[in-house]
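J.: output the structure for:
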Amino acid sequence: MLGFLQRPVVVTADINLNVVALTVVGLLSRLWRLAYPRAVVLFRRLRWQLFVEQNWSSALASPEYSSNVPVWSLRLLPALAGALSVPMAYQIIRELGFSHCAATGAALLMLIENALITQSRLMLLESLLIFFNLLAVLSYLKFCNSQKHRPFSASWCFWLVLTGVACSCAVGIKYMGAFTYLLVLGVAAVHAWLLIGDRTLSNVRVLCHLLARAVALLAVPVLVYLLFFYVHLVLLCRSGPHDQIMSSAFQASLEGGLARITQGQPLEVAYGSQVTLKNVFGKPVPCWLHSHQNTYPVIYENGRGSSHQQQVTCYPFKDVNNWWIVKDPGRHQLVVSSPPRPVRHGDVVQLVHGMTTRFLNTHDVAAPLSPHSQEVSCYVDYNISMPAQNLWRLDIVNRESDAGVWKTILSQVRFVHVNTSAVLKLSGAHLPDWGFRQLEVVGEKLARGYHESAVWNVEEHRYGKSQEQKERELELHSPTQMDVSRNLSFMARFSELQWRMLTVRSDDSEHKYSSTPLDWVTLETNIAYWLHPRTSAQIHLLGNVVIWASASLATLAYVLLFLWYLLRRRRHICDLPEDSWLRWVLAGALCAGGWAVNYLPFFMVEKTLFLYHYLPALAFQILLLPVVLEHVSHHLCRSQLQRSLFHALVVAWFASACHVSNMLRPLTYGDRSLSPSELRALRWKDSWDILIRKH
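T.: Next up is the predicted model:
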């Protein structure tokens, strides 16, 4: 029974010293003096608050972090991701079936690329995105190689599931990770299609293969992604400075902020309710239906006339003039009866402005800035030839039934004018100075179907108790009662957050360091991240021109060679053995394809772009470069002499890349001051222009 004690326990392990060495060097390059500089290079929100991540370049000479901010710890995760991408590049090339020399070359290029070093040493997301992109590709390649020898083994299952998890992490870091996910899914779909045609496998075994891939590559990523945001919404449960981009319901589910105001509000809107109405569209800024005693000008600047009635606008700040009273057209009272009579879908109501007691009105008069739409006003009886038209039919857009009750925060409603069928809508245009630069509200006759600019929701709500105007004004100035809170479901908050992250746009104005996708390939742009307040030491996001140009040429060479081989194979001329051809195709699909899916979509993006958006695509290009070089050496160099000359050129090329990387080191780490002449010398484009002018 104790016989196993008579024999020694032996553990054997294969250690790839190349991987160990590359990992150590990668860590040194990314972690060296990581806490320097202690400055806010890119502004980030560090409090436990809800936020939608946006990318911004900071101003030079940024302020220092306070002593209690753990700068080293906050920068550690991106730095580790950048460091581990170095040995991961080695592993990917090896799993593709290429030599140790090619794999080491790919890792070394990842190691010395200045832009990748700079980006991974700061609190930025690109190095994490690159890490999970590469991890997804590496995991899938290891799964494919396990498929050849040990399908359904523990390692086979592990690498398949890890592929799905890595893809989910990439999408969770940035939505751009979805393109790498789709690339992996596409390659997996092709392999699954080939698997279906394998007659050596039984139908049951093929079904098990397909089911395993569906679970690991479709179900697991969805579940992991949902888990990320479940944790996100549990931890980031407090109100923050950017809440206003979210709906009223979402804001009310957060601690503090709107929740302190809306807790304890009546759920059902009744006749006599006092409400504020927020526009669901919220563009260009979130705003509330508003009126004030000022009237529209009698004559506009272009000569058109107005009704000269009380202005109705959308105001982007909370104000007592945002309150309205929901009135029953058949009764005079402006208070809630006992018991309250709820307002339902299809009911006709009047909206009375709380502070001026004027009725919300629209008529066949052109709006100030949108002459194709109707003016919206609060009716003032200046002219008996223009009678009041203040009846509005309530349309609850998200109702569950035609008898649905109008609910605080939850109901999204449209107000349809009874006389003209126009819909109350936010045009989004800013009124001139006579309108205090507030946003124009119009009656849109042509509105058909659902559009958020014509949809409103009740944000603040109370049951009116005072019939007299002076008492009511005091009531509107007092805070609402607080006693209970209501929360949205997780899926409702998750869905809204995803939609906001997809649709919210930052300021589209030009930035000093913004660039176009074409600028990235030619490296005609950089980003000045940091400048020492007293010396000329600085950090720039600036790529190694030798690596960037060579990677672009390698991509072009791969495409041309692939098309050439494809045409010759169509003529039944096979220049490559079948295993070499399959390896060549798979490397191109993952590396050249990875570059394409991470680069080409930016040509369709309208927001402001920066050089760092190109780095995920560049990482895939760097992987392709040694693949193309090894292919040229093994298959295109016919003689030993040609091969030797080619190897000498590769060594010289790599030495030049190392030299440029070392030359740019002061701008990568920002660890020493530079004179103006030294700074000019580091800008390769400026030096090239000077050289041309001299000749």
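J.: show me where the stretch 401-550 of the chain has strands.
T.: 413-417, 423-430, 439-444, 456-463, 527-531, 538-541 (DSSP state E, counting those that start in this stretch).
J.: let me fix that, I meant to ask about the chain.
T.: 273-279, 288-295, 310-315, 323-327, 348-353, 360-366, 374-378, 392-396, 413-417, 423-430, 439-444, 456-463, 527-531, 538-541 (DSSP state E).
J.: which of the strands of the stretch 401-550 of the chain sits closest to Leu351?
T.: Checking these against Leu351 by C-beta to C-beta gives strand 413-417 as the closest, at 7.5 Å. Every C-beta, even on glycine, is put in place using the N, C-alpha and C of the backbone.
J.: go ahead and measure how far stretch 429-441 is from the middle of the chain.
T.: 31 Å (C-alpha atoms, centre = their mean, to the nearest Å).
J.: and the end-to-end length of that stretch?
T.: Start-to-end span of stretch 429-441 (C-alpha to C-alpha, to the nearest Å) is 9 Å.
J.: give me the residues contacting it.
T.: With C-beta atoms under 8 Å, 6 or more residues apart in numbering as the test, stretch 429-441 has contacts from 284-285, 287, 289-290, 294, 296-297, 301, 311-316, 367-370, 376, 424-428.
J.: how about it: buried residues?
T.: 431, 435, 438-441 (16 or more other C-beta atoms under 10 Å).
J.: same check on stretch 392-407?
T.: Applying 16+ other C-beta under 10 Å to stretch 392-407 flags 392, 394-397, 399, 404-407 as buried.
J.: likewise stretch 174-190?
T.: Result for stretch 174-190 [16+ other C-beta under 10 Å]: buried residues 174, 176-177, 179-181, 183-185, 187-188.
J.: may I ask which helix or strand of this structure has the lowest mean pLDDT?
T.: helix 684-694 (a mean of 41; mean pLDDT, DSSP states H and E).
J.: picking up where we left off before, quick check on the contacts of stretch 429-441: which are buried?
T.: 287, 289-290, 296-297, 311-316, 367-370, 376, 424-428.
J.: buried residues, stretch 515-525. List them.
T.: Judged by neighbour count using 16+ other C-beta under 10 Å, the buried positions of stretch 515-525 are 515, 517, 519-521, 523, 525.
J.: now for the residues you listed: which two are most distant?
T.: Most distant of those, by C-beta to C-beta, are Pro517 and Leu523, 12.3 Å apart.
J.: sorry, back to before: got the strands of the stretch 401-550 of the chain as CSV, with distance to Gln640 and mean pLDDT columns?
T.: Formatted as CSV, those follow (distance: least, C-beta to C-beta, whole Å; pLDDT from 0 to 100):
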stretch, distance to Gln640, mean pLDDT
strand 413-417, 79, 95
strand 423-430, 71, 92
strand 439-444, 76, 94
strand 456-463, 77, 89
strand 527-531, 46, 85
strand 538-541, 43, 88
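J.: quick one: which of those strands is nearest Ser253?
T.: strand 456-463 (13.1 Å).
J.: what's the angle from the closest one to strand 273-279?
T.: 160 degrees (axes from the mean of the first three to the mean of the last three C-alpha atoms, to 10 degrees).
J.: what's strand 456-463 packed up against?
T.: Using 3 or more C-beta pairs under 8 Å, 6 or more residues apart in numbering; DSSP states H and E, the elements in contact with strand 456-463 are helix 248-252, helix 258-262, strand 273-279, strand 413-417.
J.: what's it in contact with?
T.: For strand 456-463, contacts defined as C-beta under 8 Å, 6+ apart pick out 247-249, 258, 261-262, 265-266, 269-270, 272-280, 288-289, 323, 335-336, 340, 406-415, 424, 475, 480-481.
J.: tell me the contacts of Pro517?
T.: With C-beta under 8 Å, 6+ apart, Pro517 has these contacts: 599, 602-603, 609, 614.
J.: again, 6 Å this time
T.: 602-603 (C-beta atoms under 6 Å, 6 or more residues apart in numbering).
J.: next one: it from Tyr599, what distance?
T.: 7 Å (C-beta to C-beta, to the nearest Å).
J.: try Gly346
T.: From Gly346 over to Tyr599 (counting by C-beta to C-beta), the distance is 52 Å.
J.: with Pro387 instead?
T.: 62 Å.
J.: of the contacts of strand 456-463, just the buried ones, ChimeraX syntax please.
T.: Applying 16+ other C-beta under 10 Å to those, the buried members can be selected in ChimeraX as follows:
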select :247,248,249,258,261,262,265,266,269,270,272,273,274,275,276,277,278,279,280,288,289,323,335,336,406,407,408,409,410,411,412,413,414,415,424,475
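J.: still on that earlier bit, mind putting the strands of the stretch 401-550 of the chain into CSV with distance to Tyr225?
T.: Formatted as CSV, these follow (distance: least, C-beta to C-beta, whole Å):
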stretch, distance to Tyr225
strand 413-417, 32
strand 423-430, 33
strand 439-444, 36
strand 456-463, 28
strand 527-531, 30
strand 538-541, 29
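J.: so which of the ones you listed is nearest Ala115?
T.: Closest approach to Ala115 among those is made by strand 538-541 (5.7 Å; C-beta to C-beta).
J.: direction included, what does the closest one pair up with?
T.: Under the criterion DSSP bridges, strand 538-541 sits next to strand 527-531 (antiparallel) in its sheet.
J.: return the strand it pairs with as CSV; C-alpha atoms alone will do.
T.: Taking Å, rounded to 0.1, in the frame of the first residue of the first chain, the C-alpha atoms of strand 527-531 are listed here in CSV:
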residue,chain,number,x,y,z
ILE,A,527,1.7,62.2,-30.2
ALA,A,528,3.5,64.3,-27.6
TYR,A,529,2.4,62.6,-24.4
TRP,A,530,4.5,64.5,-21.8
LEU,A,531,6.9,67.3,-21.4
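J.: could you list the buried residues of it?
T.: Within strand 527-531, the residues scored as buried using 16+ other C-beta under 10 Å are 527-531.
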